[in-house]
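> My questions are about this predicted structure, shown below with the sequence.
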Amino acid sequence: MKNYKLKIFAPLLSLALAFTACDNYLDESPDDRLELDTLEKAAKVVADSYSQASYAFTDIYTDLAGPTGNPDGNGIVQTAGGNFIRIQDQQVYTWDEVDAIFQDTPTFFWDQSYEAIAHANEVLAVIDDLEGDKDFKDAIIGEALLSRAYNHFMLVNMFGLHYDGNAGSNLGIPYISSPETEFLPSYTRNTVQEVYDLVEADLLKGLSLIDDRFFSGTKKYHFTRKAGLAFASRFYLWKRDYTNCKKYSDLFLDGSPSIYVKNYDDLQGSGYNDIADKYGDPTDESNVLVMTKISNHQRRGTGYRLNNTDVNRLFANPLGARDERTSTGIWRIGTDARYLSRLREFFFRENLSSNSGTPYHIGVELKGEEVVLNRAEANLQLGDQAAALADINVLARERYNDAEFTDLAAVAAFYGAPDEATGLLALILDERAKEFWDHGLRWFDIKRYNIPVTHVLPVSEGGGTLELTANDLRKAVQIPQDAQSFGISPNPR
């Protein structure tokens, strides 16, 4: 049996992170590293292959963010409604390049995702030579492959244009499939098509190997088979392979879609934290994959958010019914920012007597409602309008007190759609916006359907109206400056 020392170079990470760790690194013995000489150690390293970077901040790119303050009689917003606007908030909200490199930024997402990929690759490089139970070994390989695939998939959809007929020529991101052996290697961006092909290969092989028997507790902090199926449902929807999206959604839902939709009666609580804990509870069937996310996004007093008018508009619906998603309260901070009780902040203190540390929340990375909505969209795109409507009504019965959408002409009229099919698609995307607020998925729907976004700046922040057009190149978030310094081509502007 060979012994392997774990060495995560991850040179795609920001140089700033490397420099801040330099002094500590020099204090350590060069050989004081984890020896990957058992399957148990390999399993622990794979458990670190989940990115701690949240992409919930991408809501600020979308129509799920606004100037926060309420407009005056002339429709002009005077202030940010009491919210503190940082430079990075302004840069995200105006689709500019973001200079900040810490949590809730594109650079942090890039760095953390590639660090997670590096952990998966270290295990995959050595595991064939480790002794032990074959089923356990296969399960570790399966988890590592799913994690590697997922991190690359989210990276390419963040930093590339969406998958379409130009995927074979559009720039994607580097797909890293082996451990780094150099400190400063050069990288080439794969195309979007190449990344999707590599993700698909890892995804399918990972699904064939993953084995839930080797996870303990709720299992929801790992890629279980259910989580792998939910990932496949998302992957094929975004690839526009609707047949396979339906296939993997069917496998996940297994004939009982309603059990994967939250019942808001179960979420009622004694306060914000209690409700948010119930929302993200890993024992809830609808929460399929949960992850610790280092983030300030749950601090609603900073940045651009929705105000009361925005939230009332968001939860309007063709049924004219009360939306149960608001039954746990529409919360307020400052004078105007409104939000739901979904993200509870935790705080990791540097030591017991310290007042400094790292804020984080437990993010629901994959959820059952997404799979229901994925299948609804796939069924509609496959021409089965009745099946799409049936899926939407699985969600509607929980969200609108047992009401269902039956009058598609009324749905089309509500959205100003030219026909019933277009109206049904608008309904699906609208339900996705409501369901995934604070999850970050709205940004990718905007990219998938070339939806334009208009943002208004309050007078206190410069005023004016800005537009992200349907085919705006800024929908491919700019590659971080430090990554560009390694020779990675920037996105065109």
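Yep, it's here. Residues are numbered from 1 along each chain as shown.
> before we move on, what SS does the nearest residue to W95 once chain neighbours are set aside have?
The shortest distance from W95 to any non-neighbouring residue, by CB to CB, 6 or more residues apart in numbering, is to R474 (4.5 Å). For the C-beta atoms, the positions are set from N, CA and C on the backbone; glycine is no exception. Assigned by DSSP: H, G, I helix; E, B strand; the rest coil, the conformation of R474 is helix.
> now T218, nearest residue through space, not along the chain?
P282 (4.2 Å).
> about what we covered before: and the gap between the residue nearest to W95 and P106?
As judged by CB to CB, to the nearest Å, R474 and P106 stand 12 Å apart.
> okay, the two: which has more neighbours?
The neighbour count for R474 versus P106, taken as other CB atoms under 10 Å, is higher for P106 (25 against 15).
> gap between the more buried one and V98?
P106 is 6 Å from V98, where distance means CB to CB.
> What of D472?
16 Å.
> Please identify the buried residues of stretch 309-322?
D310, V311, L314, F315, N317, P318, L319 (16 or more other CB atoms under 10 Å).
> What is the most widely separated pair among those residues?
D310 and L319 (20.1 Å; CB to CB).
> Overlap of the contact sets of P106 and V98?
Q478 (CB atoms under 8 Å, 6 or more residues apart in numbering).
> returning to that earlier point: make sure the residue nearest to T218 is actually in contact with V290.
Yes. Using CB atoms under 8 Å, P282 makes contact with V290 at a distance of 5.0 Å.
> more neighbours, the two?
A direct count of neighbours by other CB under 10 Å for P282 and V290 places V290 higher, at 22 against 15.
> looking at it, that one is touching Y279, isn't it?
No. The criterion here is CB under 8 Å, and V290 misses it with Y279 at 10.7 Å.
> Output the below-cut-off pLDDT ranges for the stretch 101-250 of the chain.
Scanning the stretch 101-250 of the chain for pLDDT under 70 picks out 183-184.
> and the nearest residue to E324 once chain neighbours are set aside, how far is that from L389?
Leaving aside its sequence neighbours, E324 sits nearest to Y264 (CB to CB, 6+ apart; 4.2 Å). In this view, Y264 and L389 are 22 Å apart by CB to CB.
> So for these two, which sits in the more crowded spot?
L389 (22 against 19).
> Determine the next helix or strand in the C-terminal direction from the helix or strand where R332 lies.
Element membership for R332 (DSSP states H and E) is strand 331-333. The helix or strand immediately downstream of strand 331-333 is strand 337-339, counting by DSSP H and E.
> Longest helix of this protein, counting residues only.
The longest helix of the chain (DSSP state H) is helix 134-159.
> ok, then the element right after that helix?
According to DSSP H and E, the helix or strand after helix 134-159 is helix 192-209.
> now the angle from the next helix or strand after that following helix to helix 134-159?
Downstream of helix 192-209, the first helix or strand assigned by DSSP H and E is helix 225-238. Helix 225-238 runs at 30 degrees relative to helix 134-159, counting by axes from the mean of the first three to the mean of the last three CA atoms, to 10 degrees.
> Isn't I85 up against E461?
Yes. Contact criterion CB under 8 Å: I85 and E461 qualify, at 5.7 Å.
> how close does S51 get to Q103?
Counting by CB to CB - S51 and Q103 are separated by 12 Å.
> ok, the two, which is more surrounded?
The residue with more neighbours, out of S51 and Q103, is S51; 28 against 21, by other CB under 10 Å.
> Now do N273: how many residues are near it, please.
13.
> Now do the contacts for it.
N273 makes contact with R344 under the criterion CB under 8 Å, 6+ apart.
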